[in-house]
Structure formats: C-alpha cells, structure tokens
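> With the sequence up front, the predicted model follows.
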Amino acid sequence: MLESKLIKSGMLNNRLNFESHFSLSHTTNNFVDTARVNHDFEGNIYPSLNGQGETGTFLTTQTTKGLEINERINLDYKLSTNHSLNLNTLINYARRQPSDDIASQHAGFIIGGFPSKKTSIVSGLTWEAKLFGRKTDEYVLSKVFPSPFRDRGFDFIRDDRGSEEKEQYDIANRLDRVNEVRTVQRFFT
C-alpha cells in the first residue's frame, strides 16, 4: 500500500488551505486446492468428491488481483472573519480480476468469480457563516455525484447469454445523477 499526504496552509494572503490524501493498494490473493483426498476431524483419510479438491467439486488454483486508488482533495477558503467556503472531492477507483484456469478447464466454462470495476466521484461544497456575534453557525451544503456509480460486477455477461439477463444487468447498473442541498443551523449558548 502506498499513501501520501500533502498539506499546504496560508496560501493567497493566508486565506486558502489545501489538503490532499492519496492511497494506492494492489493485492494478489491465491487459493490452491489440488488435494485428491479429504481429511475428517479425527485424521481419517477418504477420497474427495470426484477426486477433485478438498473444498469443492473442482481442482482450484484461484488468483484474484485487486487494485484500489483513492484521492481526497480539500480546499478551504476564508472569505472573511465570519464566512468561509469548503470544497471537498473524493475520487475512488477499484478493480478486482479473479481467474481460475484449472477449474475453468475442468468445468468447460469460466469459473473463479466475477471481475468488477468501480469508479466514483463525490464532491461537496459548504458555505459556513458565523452570525450574531459568533453565537450561531449557519451552513449551506451541497453534495454532487457528477458521474454515476458504476459497478461492473457482471461484465462476463455477453449478448449470447440471453437478452433478459443482460437487460436486468443494465437496469441494475443505471443510476441517475444525484444532487443534494441541505441547510444546517447550530446555536451556541
């Protein structure tokens, strides 16, 4: 895993603060089951189902590779002593690619899990006002999801697998753009 953090304060006449947090993760998981026999809790040995692995019905040499990239950017701009703007953006990309060549060869079709890919961007803008001698805090928040969330968990489905299955997959992946605006008030005594 690789991480980096960058913080810069006091830019533009001491009004702008900047923060960046970045992380990168790459993983590889291996699961191998090529046993021809099973063992019970007492240590007795007996043949495995079809003689093909201890945990399932096929010999398995599954490899799953994963990649995840995250970036968070925060800009805080002080408009005056009582007013400020804050922009926060989170970008996320994740990919998972499983494969199991031996099990797929034995079964006659692809086995090993579903490849998946996810990309998301979320941005938030906040205006903060301290009013009435700093006795109240007023916030106006807006959150935007500029690109729809996409989870490509079933990319293996092709048109030859049936139009009904493909249509259900397409409907499940469709999300509209979402915008959210809220106002929050806090009172201090």
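Structure's in. What do you need? Residues are numbered from 1 along each chain as shown.

> Now do the strands in this protein.
2-10, 16-33, 37-39, 45-47, 60-78, 83-99, 116-131, 136-151, 178-187 (DSSP state E).

> Tell me which strands the first one pairs with, and in which orientation.
Next to strand 2-10 in the sheet, as set by DSSP bridges, lie strand 16-33 (antiparallel).

> how much does the strand it pairs with deviate in direction from strand 83-99?
Relative orientation of strand 16-33 versus strand 83-99 (axes from the mean of the first three to the mean of the last three CA atoms, to 10 degrees): 20 degrees.

> Work out the gap between strand 16-33 and the centre of the chain.
Computed by CA atoms, centre = their mean, to the nearest Å, the separation of strand 16-33 from the middle of its chain amounts to 11 Å.

> so how far is T136 from G56?
62 Å (CB to CB, to the nearest Å). In short, each C-beta sits where N, CA and C put it, glycine included.

> re earlier: nearest approach to F109 belongs to which of the strands of the chain?
With CB to CB, the closest approach to F109 among those belongs to strand 83-99: 13.2 Å.

> Enumerate residues external to the closest one that contact any of its residues.
62-79, 112-130 (CB atoms under 8 Å, 6 or more residues apart in numbering).

> Name the residues linked to the most centrally placed residue in the chain by a beta bridge.
With distances taken as CA atoms, centre = their mean, the residue of the chain nearest its centroid is A94 (5.4 Å). Judged by DSSP bridges, the bridge partners of A94 are E68, K118.

> Quick check: pLDDT value at it.
Per-residue confidence (pLDDT) for A94: 94.

> And the residue located most distally from the centre of the chain, how close does it get to T57?
For the chain, the largest distance from the centre (CA atoms, centre = their mean) belongs to N44, which lies 43.9 Å off. Distance of N44 to T57, computed by CB to CB: 21 Å.

> How about F145?
From F145 to T57 the distance is 42 Å (CB to CB).

> Then K8?
57 Å.

> and what of L75?
Taken as CB to CB, the span from L75 to T57 is 55 Å.

> now do I110
Taken as CB to CB, the span from I110 to T57 is 16 Å.

> One more: N17?
Distance from N17 to T57, by CB to CB: 58 Å.
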